[in-house]
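Enquirer: from the sequence below, what's the structure:
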Amino acid sequence: MHIKPTDKILVIAPHPDDESLGCGGFMLQHAKQIDSFCFLSSGIAPNAKEKSDARISEWNKAQKFIGCNNLGVCELYGPKPLLPRIKDNLDYYLKTLDTSKYDYIFMPHFNDNHPEHRYISKELMNKILIENGYKKHAKVCFYEVWKILDKPNEFVEIDAKHKLKLLSIYATQWSVCDLPKKILGLNYYRGVDCGFVDCAEAFSVMPIGKYFKYSKKHCFLQWCKKCFHLYKGFVL
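Expert: Numbers count the residues shown, from 1 in each chain. Next comes the predicted model:
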């Protein structure tokens with residue numbers, strides 16, 4: 001990926017840690033050019049507020065470690081589902097994200113296994129870009145967190161030890177599964193995938209015009225799939 005010194009980059013994270021998991025190695029290399037923003041602090045019951053505060057604290061520490069410009073975290077937490085509340089928070093996101101100034105915009109890909117990731121990437125960011133504007137030459141860069149990309153077209157060689165230090169900041173998140181170990185395993189494999197470098201992050205990069213077409217097509221296919229399952233459920 002050819003990043004010019006004058007390029008401005010926006011990295012969005014649905015939750016604190018997604019940015020570091022998906023593109024933390026890239027961020028560490030281009031920190032001075034990056035604005036980062038997180039859509040929800042995502043503390044859930046029990047002790048939702050306490051968990052939210054912990055995740056916000058970790059986010060701020062991680063962005064400071066990276067050295068990028070931290071646009072902050074939207075403090076959104078509570079009982080599940082959080083998705084309807086994300087949708088209701090559009091005005092805050094519009095006030096925070098001036099998408100018209102970025103050359104690259106990073107987000108999770110459309111087939112990510114997390115529903116909030118998918119919604120933010122294919123629908124919410126679509127709305128924000130249309131409302132707040134974008135550069136015609138801008139590119140959208142999809143990163144991988146909860147599901148791998150089928151056909152990545154860009155790879156960035158990264159420093160695995162440096163990324164592991166970044167991921168270790170999110171200490172509250174790894175009590176159930178050692179996700180940093182699994183993500184770094186993927187990054188080591190991506191190093192083989194792109195031509196035998198030691199460790200790499202993979203991305204699907206496309207012009208912003210293609211992103212809008214891809215988003216529209218993807219939403220239509222999801223609607224068709226939903227209708228098909230409803231049809232199968234009818235008892236005649």
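Enquirer: tell me the buried residues in stretch 41-55?
Expert: 41-43, 48, 51-52, 54-55 (16 or more other C-beta atoms under 10 Å). In short, each C-beta sits where N, CA and C put it, glycine included.
Enquirer: can I get it in PDB, CA atoms only?
Expert: This file holds the C-alpha atoms of stretch 41-55, laid out as PDB (Å, rounded to 0.1, in the frame of the first residue of the first chain):
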ATOM      1  CA  SER A  41     -17.500   1.900  24.400                       C
ATOM      2  CA  SER A  42     -19.600  -1.300  24.600                       C
ATOM      3  CA  GLY A  43     -19.700  -2.200  28.200                       C
ATOM      4  CA  ILE A  44     -22.500  -4.700  28.800                       C
ATOM      5  CA  ALA A  45     -24.300  -6.000  31.900                       C
ATOM      6  CA  PRO A  46     -23.400  -6.800  34.600                       C
ATOM      7  CA  ASN A  47     -21.400  -3.700  35.600                       C
ATOM      8  CA  ALA A  48     -21.800  -2.100  32.200                       C
ATOM      9  CA  LYS A  49     -20.600   1.400  33.200                       C
ATOM     10  CA  GLU A  50     -17.500   0.000  34.900                       C
ATOM     11  CA  LYS A  51     -16.700  -2.100  31.800                       C
ATOM     12  CA  SER A  52     -17.300   0.900  29.500                       C
ATOM     13  CA  ASP A  53     -15.000   3.100  31.600                       C
ATOM     14  CA  ALA A  54     -12.300   0.400  31.500                       C
ATOM     15  CA  ARG A  55     -12.500   0.100  27.700                       C
END
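Enquirer: pLDDT on that stretch, on average?
Expert: Here stretch 41-55 scores 92 as its mean pLDDT.
Enquirer: contact partners of that stretch?
Expert: 14-17, 56, 59, 73-80, 82, 170, 172-173 (C-beta atoms under 8 Å, 6 or more residues apart in numbering).
Enquirer: thanks a lot, catch you later.
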